[in-house]
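1. model this:
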Amino acid sequence: MALKTPGEFKESLRKLRPNVYKFGELIEDVTIHPATRGTVEGHAQIFAAAGIANRR
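-> Sure, this is the predicted structure:
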């Protein structure tokens, strides 16, 4: 099984539609909400780095 690309990772989160709440507010899309976007981007960078290392 190949590693996901950063885009595939984010798309998989959108498809999951996780029930994430922050201060009582349901976060509809964790990939774009200000409270979770940074964490998602950080994890996407890990996928990107792993993909680069995997191609070497």
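2. chain center to the helix or strand encompassing residue 12: distance?
-> Using DSSP states H and E, residue 12 falls within helix 6-16. Its chain's C-alpha centre and that of helix 6-16 lie 6 Å apart, by CA atoms, centre = their mean, to the nearest Å.
3. okay, now residue 13: neighbour count?
-> 17 (other CB atoms under 10 Å). All C-beta spots, glycine's among them, are computed from the backbone N, C-alpha and C.
4. quick one: it and residue 40 touch, right?
-> Yes. Using CB atoms under 8 Å, residue 13 is in contact with residue 40, at 6.5 Å.
5. which neighbours do the two have in common?
-> Common neighbours of residue 13 and residue 40, counting by CB atoms under 8 Å, 6 or more residues apart in numbering, are 30, 31.
6. contact partners of the lowest-mean-pLDDT helix or strand in the chain?
-> Least confident helix or strand, the chain: helix 37-55 with a mean of 85, by mean pLDDT, DSSP states H and E. Under the criterion CB under 8 Å, 6+ apart, residues 3, 4, 5, 6, 8, 9, 10, 13, 30, 31 lie in contact with helix 37-55.
7. could you give the angle of it to helix 6-16?
-> 130 degrees (axes from the mean of the first three to the mean of the last three CA atoms, to 10 degrees).
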